[in-house]
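Undergrad: Attaching a predicted model along with its sequence, questions to come.
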Protein chains: 2
Amino acid sequence: MLNFNFCRPTDFYFGRGQENHTGEICKKHGAKKVLLHYGGQSAVKSGLITRIQESLDEADVKYVLLGGVQPNPRAELVYEGIRLCREHNVDLVLAVGGGSVIDSAKAIAMGVPYAGDFWDFFMGGKKPERALPVGCVLTIAAAGSEGSNSCVIDKEVDGVVRKKGSRFQSNVCTFSILNPELTFTLPPFQTACGACDIMCHVFERYFTNTRGVLMTDELCEGVLRTIVQMLPRVMKDPKDYEARANIMWASTLAHNDLLGVDREQDWGSHHIEHELSALYDCAHGAGLAVVTPAWMSYVYKHDVMRFARFAVNVMGCQMDYEDPQKTALAGIAALRRLWGEAGLPLNFKELGAKKEDIPTIVDNLGGPEHTEGKFMVLSKKEVAEILTLAADYERPAQP
Amino acid sequence: MLNFNFCRPTDFYFGRGQENHTGEICKKHGAKKVLLHYGGQSAVKSGLITRIQESLDEADVKYVLLGGVQPNPRAELVYEGIRLCREHNVDLVLAVGGGSVIDSAKAIAMGVPYAGDFWDFFMGGKKPERALPVGCVLTIAAAGSEGSNSCVIDKEVDGVVRKKGSRFQSNVCTFSILNPELTFTLPPFQTACGACDIMCHVFERYFTNTRGVLMTDELCEGVLRTIVQMLPRVMKDPKDYEARANIMWASTLAHNDLLGVDREQDWGSHHIEHELSALYDCAHGAGLAVVTPAWMSYVYKHDVMRFARFAVNVMGCQMDYEDPQKTALAGIAALRRLWGEAGLPLNFKELGAKKEDIPTIVDNLGGPEHTEGKFMVLSKKEVAEILTLAADYERPAQP
């Protein structure tokens, strides 16, 4: 077990109707004027934005509106948000949406008190000295940004879209309002992408070389089993409150780093996927459904017993004591089956990616000596082999 | 699943040598002068207090010493601490010890800025408007006070020792320093008491009538399995770092309320045990080892499948599908075996309690209409029956 520091001061409000207290919660955390930041039209059409506005009015908290955040949020809108916050003396950024909106809000919050370009915090080296507080009303269970120190932004640099992440303590939300009912109307594909993203946040931490970390392994497997059990339920009945609630809380726990504090983490699959969604603007969860099982099939021999444990404890496979490798592979197959049945793509064709782009994808990851991952350190050649596996994977015929 | 609010801003420093950063951590959290609060002589003799003093000196943080906290911490020392803090303008209470020291520190922190008697916060009704920040260096994995909003104090009122708890957000530690090595020298009995206390913190949350809480049930079972696996390891080798580390982190997770946010909690066994340790000054964990299995044997029929699930998922029993009740009872028996093998008392005689005191114990719980617990609401008569079960329990002969 590694030494660690862990501090997640987020004030969570979870359950039915909690978004109607947004105004008083903003006030409790000292906000007088907020940037009300959101995405497309669904939050407006559903009446959610109006309800939040009413709640802010009631609590006498002023607001400035900035909608239009896209999936894979763009730097352009971040600059616009920074400008607005400065112009209107905003003291808290309130994100209403999923991970993209929250990440856009976090980037704005970093940029407002900083004299330089906020993108400095994404290119490595620079650390924000301070940031505005960020609060959120979550509408998609997926990215875990509502509880994490992470923020991912896309920016076009020299004609190429670059997706970069940052991890800072100041990225942790001051408060997060989580009402599972707000995810009832999410399209099935987005629900499935979210579940995949949640599971992958755990995988990046679960597949580790660090030993002696039973307590956290137990937490990892508990979150994974919850998704395995609840995903088919929400695909069948999108208004199953308990299933939505378990998935939403799992999304937070999966990525606030409670599940990874004590160990070396991988993040190879995530980085590889970021290049796919930067190139194709595909949903992050969809890209992960293609990349992650291919990564697993490539690296499982590095620690067969770890993958066998995953197969048995999470995917409900039988342990084959004479051939643990068979168990490991059965676990990966069961995962693909779970995701496939939820409507997720499992290969390049289904994702809308092209095999001939693999050299470009790999080049975008970094220079010739670039490596990915920690569980098994992968050269660019090995990443290309994983992507080839992902490209060519054929779904088994339905029984 | 119930709606909830959850906020645990504690800044955790976990692992080998972390206590040597105590000074800088105090400073990071704005402290200029701390009350260095500790228990008996072991922390002094081991050199821990000296190392903490050196660390404070290095960071130029001043301190006032107050040792002498006893297990089941007393109000008298709290008054003394409050007086010292006021006299020396202390701005943070630093507890070095286990749950008793941390709870004593929390009570002092509540009392310092309050004009009345700190005991008001324990008699119900009054809520502290503010409190000094509390930090801790943990030396016993048990009470979970390092991450919880809970504080329990004993006070003699009219010749009777009353043990009372309080739960406030302001009771949550500002920082907690957790080095598992500091528990290497703990006597085996105290180690076992700690493990029992940790498991019971989970039981109070796990045995609930609230449905649809799979995610949190998974966390509960994960913490319980960790203790089941690690307790025999530390009893065998007290310097097994990984086992000590898993138990220490489990103790924090068991009681910071992450495992109970979404549900009705019981706390009957804890309240009953508090009367035992108030009367006999026994270790809290030892009292729980006697009370909790008796409580389980009394209430399991209220939800046989819940206890069967516990037996299978936590204690590793086989499910008897024809007679789940048998499985439920096997789980309780396995728990008693685990605790008994770790040297814990399992009945009144082994604890040093007397059957003829049962009426007094029950009377001390409250008036004639008093009830205990939520999983199954127990009258005083039923509590007396549970205590009789606890008193008379005979260990099965060794095979």
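TA: Everything's here; your move.
Undergrad: Make sure A:D60 is indeed in a strand.
TA: No: the assignment for A:D60 (DSSP: H, G, I helix; E, B strand; the rest coil) gives coil, which keeps it out of a strand.
Undergrad: ok, now which ones touch it?
TA: Contacts for A:D60 were tallied using CB atoms under 8 Å, 6 or more residues apart in numbering or on different chains; they are A:23, A:27. Glycine gets a C-beta too; all of them are placed from N, C-alpha and C.
Undergrad: mind checking the backbone torsions on it?
TA: Backbone torsions for A:D60, taken as degrees, to the nearest 10, come to phi 60, psi 40.
Undergrad: who's in contact with stretch A:314-326?
TA: A:221, A:224-225, A:228, A:300-301, A:304-305, A:308, A:311-312, A:327, A:330-331, A:334-335, A:338.
Undergrad: And what about the residue nearest to the spatial centre of chain A, helix, strand or coil?
TA: The centroid of chain A falls nearest to A:A143 when counting by CA atoms, centre = their mean (2.5 Å). At A:A143, secondary structure determined by three-state DSSP is coil.
Undergrad: quick one: contacts for it?
TA: Contact partners of A:A143, counting by CB under 8 Å, 6+ apart, are A:98-100, A:102-103, A:194, A:197, A:251, A:255, A:284.
Undergrad: how about the strands of the stretch 1-150 of chain A, start to end?
TA: Listed in chain order, the strands found in the stretch 1-150 of chain A under DSSP state E, counting those that start in this stretch are A:4-6, A:11-14, A:33-38, A:62-66, A:92-97, A:134-138, A:150-157.
Undergrad: Columns distance to A:Y393 and mean pLDDT on top of those strands, output as a markdown table?
TA: Below are the strands of the stretch 1-150 of chain A laid out as a markdown table (distance: least, CB to CB, whole Å; pLDDT from 0 to 100):
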| stretch | distance to A:Y393 | mean pLDDT |
| --- | --- | --- |
| strand A:4-6 | 36 | 98 |
| strand A:11-14 | 37 | 98 |
| strand A:33-38 | 36 | 98 |
| strand A:62-66 | 40 | 98 |
| strand A:92-97 | 32 | 98 |
| strand A:134-138 | 32 | 98 |
| strand A:150-157 | 26 | 93 |
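Undergrad: Kindly reformat those strands as CSV containing mean neighbour count and distance to A:K163.
TA: Conversion of those to CSV gives the following (neighbours: other CB atoms under 10 Å in any protein chain shown; distance: least, CB to CB, whole Å):
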stretch, mean neighbour count, distance to A:K163
strand A:4-6, 17, 27
strand A:11-14, 22, 28
strand A:33-38, 25, 19
strand A:62-66, 17, 21
strand A:92-97, 29, 18
strand A:134-138, 29, 20
strand A:150-157, 21, 5
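Undergrad: Let's have those in TSV, adding distance to B:D217.
TA: Rendered in TSV, the data for the strands of the stretch 1-150 of chain A read as follows (distance: least, CB to CB, whole Å):
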stretch	distance to B:D217
strand A:4-6	23
strand A:11-14	16
strand A:33-38	34
strand A:62-66	39
strand A:92-97	30
strand A:134-138	22
strand A:150-157	27
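Undergrad: Would you format those as CSV with distance to chain B included?
TA: Converted to CSV, the strands of the stretch 1-150 of chain A look like this (distance: least, CB to the nearest CB, whole Å):
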stretch, distance to chain B
strand A:4-6, 5
strand A:11-14, 4
strand A:33-38, 19
strand A:62-66, 23
strand A:92-97, 16
strand A:134-138, 13
strand A:150-157, 19
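Undergrad: mind showing which ranges of chain A have poor pLDDT?
TA: Judged by pLDDT under 70, chain A has its weakly predicted residues at A:398-399.
Undergrad: distance from the centroid: which residue in chain A tops it?
TA: Relative to the average C-alpha location in chain A, and by CA atoms, centre = their mean, no residue lies farther out than A:E322, which sits at 37.3 Å.
Undergrad: so how far is chain B from the residue nearest to the centre of chain A?
TA: Distance, A:A143 to chain B, using CB to the nearest CB, to the nearest Å: 17 Å.
Undergrad: Of the strands of the stretch 1-150 of chain A, give the one that comes closest to B:V112.
TA: Between B:V112 and the strands of the stretch 1-150 of chain A, the shortest separation by CB to CB is 24.7 Å, and it involves strand A:11-14.
Undergrad: Quick check: neighbours of the closest one in the sheet, parallel or antiparallel?
TA: Counting by DSSP bridges, the strands paired with strand A:11-14 are strand A:175-178 (parallel), strand B:4-6 (antiparallel).
Undergrad: Next, give phi and psi for the residue farthest from the centre of chain A.
TA: Here A:E322 shows phi and psi, under degrees, to the nearest 10, equal to phi -80, psi -20.
Undergrad: how about the helices in the stretch 1-150 of chain A?
TA: Along the stretch 1-150 of chain A, counting by DSSP state H, counting those that start in this stretch, helices occupy A:22-28, A:42-45, A:48-58, A:75-88, A:99-111.
Undergrad: Mean neighbour count, those helices: which tops it?
TA: The densest packing among those, expressed as mean neighbour count by mean count of other CB atoms under 10 Å in any protein chain shown, is seen in helix A:99-111 with a mean of 30.
Undergrad: Give me the distance from it to the chain's centre.
TA: With CA atoms, centre = their mean, to the nearest Å as the basis, the distance from the averaged C-alpha position of helix A:99-111 to the chain average is 14 Å.
Undergrad: what's the angle between that helix and strand A:134-138?
TA: Put simply, helix A:99-111 runs at 170 degrees to strand A:134-138, going by axes from the mean of the first three to the mean of the last three CA atoms, to 10 degrees.
Undergrad: tell me which of the contacts of A:A143 is nearest to A:N149?
TA: The shortest separation between A:N149 and any of those is 9.4 Å, and it belongs to A:H255 (by CB to CB).
Undergrad: how about the closest one, what does it touch?
TA: A:143-145, A:147-148, A:150, A:198, A:201.
Undergrad: rewinding a little: can you redo the strands paired with strand A:11-14 as TSV with distance to A:S42?
TA: Output for the strands paired with strand A:11-14, formatted as TSV (distance: least, CB to CB, whole Å):
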stretch	distance to A:S42
strand A:175-178	17
strand B:4-6	26
